[in-house]
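> Give me a model of this one.
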Amino acid sequence: MTTAVLRFELAAARRGRTAVLFAAGFALASIAIAVVGLSAGGAVAVQGFARTSVSLLQLILWVVPLLALLTGAAAGSECYDVEYIAALPVSRPALVFSRWMAWLITLGAALFVGLGSAGVLIGLLAGTADAPRYVALLAIAVLLVGSCLAIGIAIGVQVRDRGRALALAIVIWGLLVVGVDLLAIGLLALLPAGQATWWLSLLLMANPVDTARALGLGLFTGDVLAGPTGAALRAVMGGWGAWFLVCALAAWTALPLAAAVRTLRRRDL
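Below you'll find the predicted structure:
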């Protein structure tokens with residue numbers, strides 16, 4: 001029955017235009033970033049995987065959480081509109097997990113198409129150096145999609161109203177992208193150096209966007225660009241920091257989904 005619900009949710013996700021527009025937009029943006037302007041010799045230059053990945057990371061950190069939060073919020077609020085599914089012998093956890101998994105597969109496939117288009121172009125024109133790290137960047141983007149989808153679904157299930165859920169998702173996106181970094185800068189200025197390191201490390205893992213940023217920059221030894229939270233994590237945890245970050249993203253996926261299931265169980269559809 002769970003597999004049937006997942007197939008139903010996948011079919012519903014594919015019917016919309018979100019994934020198609022996302023894939024096309026990301027493909028165009030990725031190719032535009034990979035292809036730099038005219039060089040001095042008049043030829044178009046294509047950046048390699050390393051430089052393109054660092055440039056694409058910022059695009060991923062801004063666009064992917066916003067889309068995933070909005071999609072999750074809409075999907076979570078619509079859990080109350082599927083009475084005919086809930087009337088079947090389907091558990092509430094299966095309903096939430098199937099909806100999350102369907103959108104994760106859909107948006108993950110769109111990311112694969114978008115980033116893969118740029119990857120093929122880079123491989124053909126600039127060589128395959130650092131290609132495995134580019135694939136790892138795609139994996140980080142999918143992890144970020146999964147966590148932000150889970151947060152969005154939890155928001156939608158809790159709020160129930162689609163409009164309010166989308167508005168709250170935008171507010172949460174602003175806090176994750178900008179607000180937590182401002183808090184980190186404030187902590188860095190107020191706390192002594194020894195204490196700030198631990199607090200900044202915890203703050204980094206408390207934000208899935210910062211977590212993905214630190215993982216992405218760590219792929220290409222971008223420690224200087226990782227910001228105060230990334231530097232603090234390396235100082236405290238050393239080489240194990242990346243595994244803690246992956247576990248943090250997994251927690252940001254599991255805990256919101258568990259909260260959504262708990263809320264859905266306590267309310268009537």
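> residues in contact with Thr211?
Applying Cβ atoms under 8 Å, 6 or more residues apart in numbering to Thr211 gives the contacts 204-205, 245, 248-249, 252. In this view, the C-beta of every residue, glycine as well, is placed from N, C-alpha and C.
> Could you rerun that using 6 Å?
Contact analysis of Thr211 by Cβ atoms under 6 Å, 6 or more residues apart in numbering lists 245, 248-249.
> just Arg162 next, same as before
Counted by Cβ under 6 Å, 6+ apart, Arg162 has contacts Ser77.
> Return the per-residue confidence for it.
Confidence at Arg162, expressed as pLDDT, is 87.
> ok, the contacts of Thr211 vs Val5, which is closest?
Leu249 (25.2 Å; Cβ to Cβ).
> In this structure the closest one contacts Ser147, no?
Yes: with contact defined as Cβ atoms under 6 Å, Leu249 reaches Ser147; the gap is 5.2 Å.
> Identify the contacts common to those two.
Joint contacts of Leu249 and Ser147 (Cβ under 6 Å, 6+ apart) are Pro208.
> Who has more neighbours out of the two?
Higher neighbour count among Leu249 and Ser147: Ser147, with 27 against 21, using other Cβ atoms under 10 Å.
> For the more buried one, identify the helix or strand it belongs to.
Ser147 belongs to helix 131-159 when elements are defined using DSSP states H and E.
> Next SSE downstream of that helix?
Helix 131-159 is succeeded, C-terminally, by helix 162-174 (DSSP H and E).
> Quick check: buried residues in that following helix?
162, 165-166, 168-169, 172-173 (16 or more other Cβ atoms under 10 Å).
> With respect to pLDDT, which of the residues you listed ranks lowest?
Per-residue pLDDT puts Arg162 lowest of the buried residues of helix 162-174, at 87.
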